[in-house]
Structure formats: C-alpha cells, structure tokens
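Participant: All I have is the shape, not the residue letters:
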DNA sequence: AATGAAAAACTACACTA
DNA sequence: TAGTGTAGTTTTTCATT
C-alpha cells in the first residue's frame, strides 16, 4: 500500500487517461487499459505501479452500499469548536480520524470549524454518537446536523482534466 | 459491473469480515482473505462474486489524491433551492449528478436543500463553477461555500458491525 | 514490445451440514 | 439444498530480454 508524500513528475496524458479508468473500475485488466490508451500492457503496468508508489493512487478499495449493511443513517454535521488554537484543532482532528462513524472529516473556513459525514445504523445510534463525540467533548461548542434524505452522488471521483 | 437493487439474504459474519478487508484494500489476494476469515479461497471467491452481483459492493475503485492531479480546491457547498417541489428537486439532482466538479451530492433535511462536495483546480475555476451551476440556475436561491483547509479523513469506509 | 514464469482468479465436481 | 473444500484450468500480472 503506497502512501508517499511523493516527489512526482507531472502526469502526462497517458497517466491521466489511466487514472480516469481506474477511478471508475480498478479491476480493469491492464490489457484492456492498454487498448484504450494505446500503450503496451508493460507500459501500463509500469505506470500504474509508479502511480501507486508515488501516492497519486492512494488506495484501492471496494465501495460498500450502506443500505446493504443496514447502516441507514447518513448525516452531515457542521461542528463549531470553542476556539481555534492549534492544540484544540489538532486534538479534534485526531479524535474524528479515529472514530469509525466519521466516514469523512474536513477542516474548513467560514465560521464552521469542521464538516463531518457520519454513518450510523439508525437514529438511536446517531444520537448516542453525538453524545459520545460532541456533548462529552469540551472543545466542541456547538454542532448542526443535516440528515441525508438521498445520497444523490457518492462517487469519490476526482475530475481529471484532459 | 454489478448494480442490482438487491434482494438478498442478510450478511453473515464471513461476509462482513470480507467486506471489512475489501473496503480497506480490494487488491488483497483471495488466498490471504481466506486465511484471515478461515474459509477456502473458493468460498471467498463465491462470496465476493455474490456481494458484487447483489450490489453490496457497488464499485471497485482506485482512490486518487486530488493534489496529485493538481485539483487543489475542495469546497463544501450548502445549496438552498427556491422551492422544494419535486420537479425542482429532481432537476437539481440530475444537474448535480452530471456535473463533474460535483464529487458528492446529498439531499438533506433542515432548511438546506443540498450539500455538495466540489473539487476544482483553483479558486478561479471554482468561481466559474459557481457561475455556471448556481448563479445561472433559477431554481438555486442561495448558496454558502465552506472552503476545505484540510481533508482530515476521506475514507469512504462504512463502519461494519461485528 | 514481446516472451515466459509466477500468481492470482475462476470452474467443476464431489462432499457435508 | 445451500454452501464448502480440493484440485485443476484460465486469466492476469510481472520480470526479463
């Protein structure tokens, strides 16, 4: 599993084309990638290995449907910290990073400190999550929950320019 | 590429253990999955195939680091529609779904209509995105941008209970 | 860029709870 | 009958030239 800070040469057209494919389906055989982008399979192989080694591809994962594993509540939570001292912020980051219900966490500008995407089994477990993570946490001043009605789009694809 | 609405038997311990592994690294050889969960490789093979066929695993993807492809702005946008008539909402969903800069889109409760996660090259292209998608769109009443300073956690992992 | 070796994914079939 | 393991086949990956 590659995760280098990466000193990387800029990506060329081939790399970008390969990334577009792997972002959609990383099980695509190198042979058919090679056809699509007009390279040999060996070239594709070397490029994919390099993209992984330099961290351009950070992970290779299966995407699981939350409904299928009976995790029916997705919520977006805006978190307001008591203060923005770096110790406070770093502690919050660490806490969110290791909480499994927190699927995504972003530190943001504009008044709100963090935006979280939280996944739980049901409303009861969402409530106990908020107790545990927000209400018993002194550095959290306040939070606002937006419950997701429809996960319209959850691709984690990055738009890759031509 | 599997995507069935999924009428499926509930997942057992084996399935959940397999999902936990594949969510972390879907390149894990079936042989080592088999060892971890105490099944034969063939059994693992069949279960993975079934999980894909029923849509429990919706996709298999490479996760690309936005910085590596020079997409340096991530923004979280709260969108307020003019009204919540279903035609208006559905049109907005369709529009967001097909806009490549919109990496994720959630329809939510609580005043805000949509929360978007938007990825662009830089601030200039973020601005032209907002013009194109919000300001020239009559059904968008208003929107609020939170610019991401730190992508603290961007796993798209679902917590899978024991 | 092409070949060949190694590994992984998949299939067939007999067996068992 | 649904699901497993063994063992054999095909496909994919990867190193070497």
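Facilitator: Received the coordinates, thanks. Since the model is a prediction, treat every value here as computed from it, not as a measurement.

Participant: Spit out the contact partners of the residue located most distally from the centre of chain A.
Facilitator: Each residue of chain A has a distance to the centre, and by C-alpha atoms, centre = their mean the biggest one is for residue A:40: 31.7 Å. Residues near residue A:40 by C-beta atoms under 8 Å, 6 or more residues apart in numbering or on different chains: residue A:34. Any C-beta I mention is one placed from the backbone N, CA and C, and that applies to glycine too.

Participant: run the last query once more with 10 Å
Facilitator: Neighbour list for residue A:40: A:30-31, A:34, A:46 [criterion: C-beta atoms under 10 Å, 6 or more residues apart in numbering or on different chains].

Participant: so can I have TSV of the residues you listed showing pLDDT and distance to chain B?
Facilitator: What follows is the contacts of residue A:40, written out as TSV (pLDDT from 0 to 100; distance: C-beta to the nearest C-beta, whole Å):
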residue	pLDDT	distance to chain B
A:30	96	13
A:31	95	17
A:34	96	16
A:46	95	16
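
Participant: I figured residue A:83 was touching residue A:139, is that so?
Facilitator: Yes. Applying C-beta atoms under 10 Å as the test, residue A:83 and residue A:139 come out as touching, 7.6 Å apart.

Participant: and chain A, which residues reach DNA strand D?
Facilitator: A:29-31, A:41-42, A:45, A:48-49 (C-beta under 7 Å from any atom of the strand).

Participant: Give me the buried subset of those residues.
Facilitator: Listed as buried from these are A:30, A:48; burial here means 16 or more other C-beta atoms under 10 Å in any protein chain shown.

Participant: coming back round to it: what are the phi and psi values at the residue farthest from the centre of chain A?
Facilitator: Note on residue A:40: backbone dihedrals following degrees, to the nearest 10 are phi -80, psi 160.

Participant: measure it to residue A:47 for me?
Facilitator: Separation of residue A:40 from residue A:47 (C-beta to C-beta, to the nearest Å): 11 Å.

Participant: just checking, what packs against the longest strand seen in chain A?
Facilitator: Determined from DSSP state E, the single longest strand within chain A is strand A:140-153. In terms of contacts (3 or more C-beta pairs under 10 Å, 6 or more residues apart in numbering or on different chains; DSSP states H and E), strand A:140-153 is packed against strand A:73-81, helix A:86-98, strand A:114-120, helix A:123-130, helix B:86-98, strand B:102-108, strand B:114-120.

Participant: how far off strand A:102-108 does the second one point, in degrees?
Facilitator: Translated: helix A:86-98. Angle, helix A:86-98 to strand A:102-108, by axes from the mean of the first three to the mean of the last three C-alpha atoms, to 10 degrees: 150 degrees.

Participant: just the last one next, same as before
Facilitator: Using the same axes, to 10 degrees, the interaxial angle of strand B:114-120 with respect to strand A:102-108 works out to 70 degrees.

Participant: Okay, now the sheet partners of strand B:114-120, with direction.
Facilitator: strand B:73-81 (antiparallel), strand B:102-108 (antiparallel) (DSSP bridges).

Participant: Could you single out the most deeply buried of these?
Facilitator: Across the strands paired with strand B:114-120, the average number of neighbours (mean count of other C-beta atoms under 10 Å in any protein chain shown) peaks for strand B:102-108, which reaches a mean of 22.
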